[in-house]
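K.L.:
return atomic coordinates for the entry below.
(chains A and B)
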Amino acid sequence: MSIKFLFMITLVFIILVGCSADETLQINSSKSEQVITDIKTTNEFRLLDSSKDIIESSEQFSQVKAFIPDSNYMESQNVQDGKFSYIKLEKNQSTVLGKIILENKTNNYMEIQSFFIQGNKIAQVKTINSEKWNFYVTYNVKPNSSVEISVEIKWDNEGINELTFFPLDHSSPIDRYNGGNLSLIRYFVLDNKININNTDLINQSFNLDNKSEISGFFPIPSWVGNDDKEVEYVVEQEKLFTKNPISKLKLDAIPYDTEIDILLIDELGNVSLMFEKVKIKKNQSTLIPLDSEVLNELNIKKYFIILNNRGKDMLFDMKALDLKLKPFTTTYQSVIEFYMESNSNHLSGE
Amino acid sequence: MFKLGKITVPLLVAGFILSPVGGNVTAAELENESPTINWDDVWSSIDSNSNLSNSISFGSISTGSDISTFIWGNLADAKTTLSSGSGEVKSTGITKGKTLLTSTSATTSLRMSGMGIITGSKGVALGKFTATSEVSTTNPSGLQSWEGLTIHTATDSGTLYESKTYDYGSY
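P.N.:
Okay, the predicted model is just below:
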């Protein structure tokens, strides 16, 4: 009962703060001419239609969430038969221009809250003709329609040279952010001179130990309890809870060594760096204990972001792949939502 | 899970191939204001010791036989399939990419009407490998309605693709 009340208060709070902090929430109903030039809705599905070149499937993909930087800033390098695209900025450039493209070929609304993160910090964003900077842009895409939102993102020349796009989907199934689904787009950003030396590539190279079978490509995250087993889930009022409390983050075993950083982001756009350079040893899963102080602060919806190959290492990874010093790309980014313990379960256990 | 088939890994010892070359500071020292990547030294060092083979066959599924054991029907389908047998209900979801840098994923969950959710294994794959996710549970006695839902995602060049597939049945 009290939890329910808390949820409602939290929800109201989020909505209030969202509205005051982010005028673009009003995008749909706004008649402002400025806004209209920044927002283009169509009934075309340009990116979805091209997906058949990328993914083999009998069933067409039905939704797209993309951030496509302005073509003036885009460069690419060939990596074997593929193409590695990255953002190139002029020296001292303080913003990145581009389009958030959302395509929704379903019969339901698709509500997307778009965050941009430079390195470990939220990057503020605004529609191009607007004056107010925000922590996110939210748009509710009508069924069977697409939208292109022209945005400008603040860029810090002193910061880490990568830009992460997190299109948080509020209209997705409750276990959408369970760690196994791809959820982020991360760009390497070239904003200064970079010299690549051999050590950079040696650090990125690895071999498969002559094994023909590997357990996985990436350190996929899951939640485990005190017994180090994956927690079980229950659904209550269409929300996902865990049956037993989460105590650790588990990362699947991978056939190479790497280092990961973990960020925490909430739905207001507060981002913090929780873990830095956690060593992942090949062929064994990794358990990262969460201390109780951290857990106690997770009282509103929060998402853990798992990243390796930060900044320039994304480029080194691609070069090492192109030179066949590694069998596949090891650059990985994923999101796992922190799920609360079911209250009813907790009570019955007392 | 992911079988590399007859992949050959002709990578020589990286330290040998990448034997040290002179400093990297060349053109970069001239006052070139525009951000650049200085690749040249890397290329020359590789070329001068060129023993790298082109025969690596990553990305090809030569037989597919190990993967197809998971799958009912066509390998290339992005779909959810619900089935039952030996007292179990099983749901499987698959997604498959086409190009080297495409990542794909499939996560499947299983739900008995009116009950909690059971999440399955999480499949993430690269390139032409198939991301497979599977979940199964013991079927309690009596006819029950089951639902399997798979979320499929793929990323490629700044774009995140997504779809959901669904299957249901009474077992």
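
K.L.:
let me see the mean pLDDT of stretch A:198-206.
P.N.:
Average pLDDT, stretch A:198-206: 89.

K.L.:
please disregard the earlier target; I meant stretch A:245-257.
P.N.:
94.

K.L.:
just how off-centre is it within its chain?
P.N.:
18 Å (CA atoms, centre = their mean, to the nearest Å).

K.L.:
got the buried residues for that stretch?
P.N.:
For stretch A:245-257, a neighbour-count test (16 or more other CB atoms under 10 Å in any protein chain shown) marks A:Pro245, A:Ile246, A:Ser247, A:Lys248, A:Leu249, A:Lys250, A:Leu251, A:Asp252, A:Ala253, A:Ile254, A:Pro255, A:Tyr256 as buried. The way it works is simple: take the backbone N, C-alpha and C, and place the C-beta from them, glycine included.

K.L.:
surely A:Lys319 touches A:Ile196?
P.N.:
Yes - if you go by CB atoms under 8 Å, A:Lys319 and A:Ile196 touch, sitting 6.4 Å apart.

K.L.:
residue of chain B nearest chain A, please.
P.N.:
Nearest residue of chain B to chain A: B:Lys122, at 2.6 Å (CB to the nearest CB).

K.L.:
could you count how many residues lie near that residue?
P.N.:
Residues near B:Lys122, counting by other CB atoms under 10 Å in any protein chain shown, number 24.

K.L.:
ok, what's across the strand from it?
P.N.:
For B:Lys122, the beta-bridge partners are B:Thr107 (DSSP bridges).

K.L.:
returning to that earlier point: ok, the buried residues of stretch A:245-257 vs B:Thr132, which is closest?
P.N.:
Nearest to B:Thr132 among the buried residues of stretch A:245-257: A:Asp252, at 14.2 Å, using CB to CB.

K.L.:
quick one, phi psi at the closest one?
P.N.:
phi -60, psi 150 (degrees, to the nearest 10).

K.L.:
could you find the closest non-adjacent residue to it?
P.N.:
Spatial nearest neighbour of A:Asp252, chain neighbours left out: A:Ile220 (4.5 Å); criterion: CB to CB, 6 or more residues apart in numbering or on different chains.

K.L.:
count the residues that sit near the one you found.
P.N.:
26.

K.L.:
picking that back up, so who does the residue of chain B closest to chain A touch?
P.N.:
B:Lys122 makes contact with A:Asn178, A:Gly179, A:Gly180, A:Asn181, A:Ile220, A:Ser222, B:Ser105, B:Thr107, B:Ser133, according to CB atoms under 8 Å, 6 or more residues apart in numbering or on different chains.

K.L.:
again with A:Asn308
P.N.:
A:Pro219, A:Thr258, A:Glu259, A:Ile260, A:Asp261, A:Ile280, A:Thr330, A:Thr331, A:Tyr332.

K.L.:
from these, list the buried ones, please.
P.N.:
A:Pro219, A:Thr258, A:Ile260, A:Asp261, A:Ile280, A:Thr330, A:Thr331, A:Tyr332.

K.L.:
which is the next helix or strand following the helix or strand hosting the third one?
P.N.:
According to DSSP states H and E, A:Ile260 maps onto strand A:258-266. Next along the chain after strand A:258-266, taking DSSP H and E as the criterion, comes strand A:271-280.

K.L.:
what is the helix or strand that that next one is followed by packed up against?
P.N.:
Going down the chain from strand A:271-280, the next helix or strand is strand A:286-289, by DSSP H and E. Applying 3 or more CB pairs under 8 Å, 6 or more residues apart in numbering or on different chains; DSSP states H and E, one finds that strand A:286-289 contacts strand A:248-251, strand A:271-280.

K.L.:
quick check: the closest residue to A:Glu267 other than its chain neighbours vs A:Phe45, distance?
P.N.:
Excluding the flanking residues, the one nearest A:Glu267 by CB to CB, 6+ apart is A:Lys301, at 5.5 Å. Relative to A:Phe45, A:Lys301 is positioned 30 Å away (CB to CB, to the nearest Å).

K.L.:
then A:Lys121?
P.N.:
33 Å.

K.L.:
who has more neighbours out of the two?
P.N.:
Using other CB under 10 Å, the more surrounded residue of A:Lys121 and A:Phe45 is A:Phe45, with 20 against 16.

K.L.:
sorry, back to before: now the buried residues of stretch A:245-257 as a markdown table including distance to A:Val96?
P.N.:
Shown next, in a markdown table, are the buried residues of stretch A:245-257 (distance: CB to CB, whole Å):
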| residue | distance to A:Val96 |
| --- | --- |
| A:Pro245 | 40 |
| A:Ile246 | 35 |
| A:Ser247 | 39 |
| A:Lys248 | 36 |
| A:Leu249 | 31 |
| A:Lys250 | 35 |
| A:Leu251 | 30 |
| A:Asp252 | 33 |
| A:Ala253 | 36 |
| A:Ile254 | 31 |
| A:Pro255 | 35 |
| A:Tyr256 | 31 |
